[in-house]
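Asker: below are the sequence and a predicted model for it; my questions follow.
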Number of protein chains: 2
Amino acid sequence: MDVLIKDGIVVTMDKERRVLKNFSLAIEDGAIVEIAKDIKGEADFVIHARNKIVMPGLINTHTHAAMTLFRGSADDLPLMQWLQEEIWPVEAKLEPKHVYAGSLLACLEMLSSGITCFNDMYYYLEEVARSVAESGIRGVLSYPLLDIAGEEQGEKLLSEAEKGLRDYGNKDSRIKVFLGPHAPYTCSKELLLKAKELAEEYNTGIHIHVSETKEEVESFIKDKGMRPFEYLDAIGFLGDNVLAAHAVHVSREEIELMRKRSVKVAHNPVSNMKLAAGIAPVAEYAKAGITVSLGTDGAASNNTLDLFEEMKTCALLQKITTRDASALPAHEVLEFATINAARALGLDKEIGSLEVGKRGDVIIVDMQKPHLKPMSNPISHLVYAARGSDVSTVIVDGKVIMHEGSFRTLDVAEVCKFAEEEAFDLFEKAGKGDRLFRVEEVL
Amino acid sequence: MDVLIKDGIVVTMDKERRVLKNFSLAIEDGAIVEIAKDIKGEADFVIHARNKIVMPGLINTHTHAAMTLFRGSADDLPLMQWLQEEIWPVEAKLEPKHVYAGSLLACLEMLSSGITCFNDMYYYLEEVARSVAESGIRGVLSYPLLDIAGEEQGEKLLSEAEKGLRDYGNKDSRIKVFLGPHAPYTCSKELLLKAKELAEEYNTGIHIHVSETKEEVESFIKDKGMRPFEYLDAIGFLGDNVLAAHAVHVSREEIELMRKRSVKVAHNPVSNMKLAAGIAPVAEYAKAGITVSLGTDGAASNNTLDLFEEMKTCALLQKITTRDASALPAHEVLEFATINAARALGLDKEIGSLEVGKRGDVIIVDMQKPHLKPMSNPISHLVYAARGSDVSTVIVDGKVIMHEGSFRTLDVAEVCKFAEEEAFDLFEKAGKGDRLFRVEEVL
């Protein structure tokens, strides 16, 4: 076999949610081939995991990876000022190389903290794909679609998306292409339905922002006479392959619609809090049986890509909002970041849990740290105490990407330097070079 | 000189809140003796801090350190069930050795993530003091006072506290003793006033829980006919040496009282969220000019002791609560965890900022990490992107405690093992051994 992980605390996230003490896991040809007490045979790569947690890689279901370049450049601003004065003017200067640099940094950051798969929506998708291919992470890449500038814009983006659906079908098994109509208020009915048609033709998913802010929903109601999810249902858009990012401001009726149509949710608690967008009722979604998953959103509004942090914040936010300390217990939140996320991306046959036959997307969390002692409930520790930096090993598709802090696909220092240089280049082109901090210049 | 830190990004938190690029800092005899571009002379210990942030150690103004032993043993439970069924029955079995083990683990955990001073309230204070002395951290230790079981209980605790005030006065310059009347609802008027008198006599502070939960405030009003801060003011208890932990449920009039009496606040956002206690109006406190600081509370309700996490959560919680993304900007939150916290503990002449003449409580944060790139605003990165694990060097009272991940006062593995063993001992004595997770037993 290729990889053998020995004697770990295996948090499977399988149907019975088994936690197996001192179990081993074997990977061959990219897939999990055995999970057992003792595994016989030789392996090319042996990892001793005594006292460590072996678990499925975390899955980030909503981000804009390349926005790592914006990290910390503009915080603590009202949403519209932030977008109009800080984000959009810089995005207007984006070139493919910037997106490549930012995405590569994002892949490195995500892998470092145990994220083995992410769902992206951004410009220059082929550059994001390049960073996925090189870093070894798994990526669902959503072609952004919108036609707010007119029918021609929509057609152009649709044809690019269709080309991508054809191309990436066979190119790289770690890349899956989604359709990414930006939002109900930036896409015409026609474009939304064409995206849906295309998604069905290529048997893939749709990634769309819905009801992130109150203002957006109010203006939508004014315009269309109904709420966003009601509208999406009325035009026949909703379905089990639709992943709605945010879904913060919804009515009781919309929750019922989402349930009925098996819509999936990508919840972004940190970003929603930082931008003061609102609090998605995800404890209620979960109770209604809606598949909830977790996203970091872009680093511009987070400012990290860390699902450990997102899990804890998610649980805390639901508890304080419902004024119930027992709301959204740790084991449900862990589902959001693993098996539910896989389902949200239509990948639950491949990833999201540790089971024989699934792909080898596995992470190991080192529990020999002061903040993880004493060892009590492993699930509680993963959600309430562990940090992204406790991840010691990352395996994607059976390939060891990181082990004991050292990367095998990317040169960490080189990627950091490259991304920083491209960030300077981008911000200077946008006339905002002062947003970054140069250490060297003052020597 | 003893320690020389060279060429760092020095976030001083001084009166002008200067951020100095490529500056050096020298420590001699435990104190900061120079902060300058170039520092001449030889040092016993030289640290190169190019591209790293050099800043005051973080100060945790409310915790119950020994409760690290409870970490993850009982989560997601309603508050009263959690206390009555899980926490109190175990606390009833506490022996001095458990408190020592738990506190030692807490000191290790706090130092690891850049906390150089903490304010504690727990049983067996002398055991907490022992862990402070051995670990090298700075501690404000509050003698718990209550007389809910009768006058005799109060007298006994008061005389212990008075003895402690006398003893620790000269024993260890890193230890300061506070009076810790538990809460207005567990202390009689007489006890509260005796605590105040004693604090004045010994020129020290008072650490008290006030208005943590809604139920507690409602029952207090029923009992006394007024709100907790109103009552504390009416009996003449409030003053500028009173540090109120939580202060979640307050009226507008109480905020004005707190301001007028210069009461300090220890805000514990993670614990308040996890226990669904409520949301303290700290953006409002800050606007009113009240000194707000940050606490982690005990690990039983957090479940970590990490002020980086607390800073981010604090900012996010105020933004979402006020529905204003510009509420409580990063630089104010950083004040909460440094200079404000020092003021809250009456230690602002000694610690809380990097200034010549202050004690050498300094931490260094390594910014050469994917999640901290590109380098934009250092203050934003500290609050929104850095993790406790990014702290690479910790210096307390001029002594290097941790450098590049290796501890110089404690044996990390030994402390972890010791604390885990004592946690097992404690939980077994309480008939709750099943709350912990034994890896070895199933071999």
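Answerer: Noted; the coordinates are in hand.

Asker: for the spatially most central residue of chain A, give me the pLDDT.
Answerer: Among the residues of chain A, the one closest to the centroid is residue A:60, at 1.9 Å (CA atoms, centre = their mean). The model reports residue A:60 with a pLDDT of 98.

Asker: which SS state does it fall under?
Answerer: strand (DSSP: H, G, I helix; E, B strand; the rest coil).

Asker: who touches it in this structure?
Answerer: Counting by CB atoms under 8 Å, 6 or more residues apart in numbering or on different chains, residue A:60 touches A:110, A:115, A:117, A:118, A:119, A:294, A:295, A:296, A:305, A:307, A:341. C-beta: built from backbone N, CA, C; applies to glycine.

Asker: for it, which non-adjacent residue is spatially closest?
Answerer: Among residues not flanking residue A:60 along the chain, residue A:118 sits closest, at 4.1 Å (CB to CB, 6 or more residues apart in numbering or on different chains).

Asker: I'd assumed residue A:59 was in contact with that neighbour.
Answerer: Yes. Here residue A:118 reaches residue A:59: they are 7.2 Å apart, a contact under CB atoms under 8 Å.

Asker: how about the contacts of residue A:60 in CSV, adding secondary structure?
Answerer: Shown next, in CSV, are the contacts of residue A:60 (three-state DSSP):
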residue, secondary structure
A:110, helix
A:115, strand
A:117, strand
A:118, strand
A:119, strand
A:294, strand
A:295, coil
A:296, coil
A:305, coil
A:307, helix
A:341, helix
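
Asker: next, give me the two most distant ones among those residues.
Answerer: Of all pairs drawn from these, the one with the longest distance (CB to CB) is A:305 and A:341, at 14.0 Å.

Asker: so how far is residue A:110 from residue A:311?
Answerer: For residue A:311, the distance to residue A:110 equals 14 Å [CB to CB, to the nearest Å].

Asker: show me which residues of the stretch 201-350 of chain A sit near chain B.
Answerer: A:270, A:272-276, A:278-279, A:302-306, A:309, A:312-313, A:315-317, A:319-320, A:322-330 (CB under 8 Å from any CB of the partner chain).

Asker: secondary structure class for the closest residue to chain B within the stretch 151-300 of chain A?
Answerer: Going by CB to the nearest CB, chain B is nearest to residue A:273 of the stretch 151-300 of chain A, at 3.8 Å. What three-state DSSP gives for residue A:273 is helix.

Asker: quick one, what contacts it?
Answerer: Contacts of residue A:273 (CB under 8 Å, 6+ apart): A:279, A:313, A:317, B:316, B:317, B:319, B:320.

Asker: just these: which are in helices?
Answerer: Here DSSP state H is the test, and those give A:313, A:317, B:316, B:317, B:319, B:320 as lying in helices.

Asker: leaving out chain neighbours, which residue sits closest to the last one?
Answerer: For residue B:320, ignoring the flanking residues on the chain, the nearest one in space by CB to CB, 6+ apart is residue A:273 at 4.2 Å.

Asker: tell me the confidence at the one you found?
Answerer: Value for residue A:273, per-residue pLDDT: 98.

Asker: bridge partners for the residue nearest to residue A:60, pull those for me.
Answerer: On the basis of DSSP bridges, residue A:118 is bridged to residue A:60, residue A:139.

Asker: I'd like the ones in helices among the contacts of residue A:273 as JSON lines, with pLDDT and neighbour count appended.
Answerer: Below are the ones in helices among the contacts of residue A:273 laid out as JSON lines (pLDDT from 0 to 100; neighbours: other CB atoms under 10 Å in any protein chain shown):
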{"residue": "A:313", "pLDDT": "98", "neighbour count": "25"}
{"residue": "A:317", "pLDDT": "98", "neighbour count": "26"}
{"residue": "B:316", "pLDDT": "98", "neighbour count": "27"}
{"residue": "B:317", "pLDDT": "98", "neighbour count": "26"}
{"residue": "B:319", "pLDDT": "98", "neighbour count": "23"}
{"residue": "B:320", "pLDDT": "98", "neighbour count": "24"}
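
Asker: now the residues you listed as a markdown table including distance to residue B:257?
Answerer: Below are the ones in helices among the contacts of residue A:273 laid out as a markdown table (distance: CB to CB, whole Å):
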| residue | distance to residue B:257 |
| --- | --- |
| A:313 | 33 |
| A:317 | 31 |
| B:316 | 28 |
| B:317 | 24 |
| B:319 | 27 |
| B:320 | 27 |
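
Asker: name the nearest residue to residue A:158, sequence neighbours excluded.
Answerer: Nearest to residue A:158 is residue A:194, by CB to CB, 6+ apart, at 5.9 Å.

Asker: neighbours of the one you found, how many?
Answerer: For residue A:194, the count of nearby residues is 21 (other CB atoms under 10 Å in any protein chain shown).

Asker: am I right that it sits in a helix?
Answerer: Yes. Assignment of residue A:194 by three-state DSSP places it within a helix.

Asker: circling back: ok, the contacts of residue A:60 vs residue B:175, which is closest?
Answerer: residue A:307 (39.6 Å).

Asker: helix or strand for residue A:392, which one?
Answerer: Here residue A:392 sits within strand A:391-396, counting by DSSP states H and E.

Asker: so is the residue nearest to residue A:352 when sequence neighbours are not counted in a helix, a strand, or just coil?
Answerer: Using CB to CB, 6+ apart and skipping residues adjacent in sequence, the residue nearest residue A:352 is residue A:342, 2.6 Å away. Following three-state DSSP, the label given to residue A:342 is helix.
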